[in-house]
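A.B. asks: What follows is a predicted structure for the sequence shown.
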Amino acid sequence: MGSDFREPKVGPGKYVKERVYGGSEKIRVLSADVVNVLDPRTGKAQKTKIITVVENPADPHFTRRNVLTKGAVVETELGRARITSRPGQHGTINAILIEPKAAASG
């Protein structure tokens, strides 16, 4: 049967619980401003702020509207990261750092 797509966007954190088939519950992200970013070089994860969506291969319009989906590339305080979780299904946003920010010289 399924459910309608709720666009998880960049913004203050909002979540909703929904009853699904079988009586279980899912937590869906409606909007979020933080992401758990894994740095593959060090193997450490860190919670950081989302600045904007840079690229979203699911739909070019999602980039303009800052919609968060699996595979979207987001700009964070640590650099660019690709989302690996499904925000509308998992209730959390996880990402892997693909392009770290250059260290400030000086």
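C.D. replies: Structure received. Numbering: from 1, shown residues only.
A.B. asks: gap between the closest residue to Ile27 other than its chain neighbours and Glu7?
C.D. replies: Spatial nearest neighbour of Ile27, chain neighbours left out: Gly91 (3.0 Å); criterion: CB to CB, 6 or more residues apart in numbering. C-beta here means a position set from N, CA and C on the backbone, and glycine is covered the same way. For Gly91, the distance to Glu7 equals 15 Å [CB to CB, to the nearest Å].
A.B. asks: and what of Asp39?
C.D. replies: 28 Å.
A.B. asks: hang on, the earlier thing: am I right that the residue nearest to Ile27 is in contact with Val29?
C.D. replies: Yes: taking contacts as CB atoms under 8 Å, Gly91 lies within contact range of Val29: 6.1 Å.
A.B. asks: what's the overlap in contacts for those two?
C.D. replies: When contacts are counted by CB atoms under 8 Å, 6 or more residues apart in numbering, the set common to Gly91 and Val29 consists of Tyr15.
A.B. asks: how about low-confidence regions in the protein?
C.D. replies: Low-confidence regions of the chain, defined by pLDDT under 70, span residues 1, 103-106.
A.B. asks: For the residue nearest in space to the middle of it, which non-adjacent residue is closest in space?
C.D. replies: When the chain is reduced to its mean C-alpha position, the closest residue under CA atoms, centre = their mean turns out to be Ile93, at 4.2 Å. Distance criterion CB to CB, 6+ apart; nearest residue to Ile93, sequence neighbours excluded, is Val35 at 4.6 Å.
A.B. asks: so where do the helices sit in the protein?
C.D. replies: Per DSSP state H, the chain carries helices over the ranges 60-64, 87-90.
A.B. asks: Of those, which is nearest Ile50?
C.D. replies: Proximity to Ile50 (CB to CB) singles out helix 87-90 among these, at 11.0 Å.
A.B. asks: got the CA positions of that closest one in CSV?
C.D. replies: Backbone C-alpha positions of helix 87-90 (Å, rounded to 0.1, in the frame of the first residue of the first chain) are rendered in CSV as follows:
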residue,chain,number,x,y,z
PRO,A,87,15.2,10.3,6.3
GLY,A,88,11.6,9.5,5.5
GLN,A,89,12.0,5.9,6.6
HIS,A,90,14.7,5.8,9.3
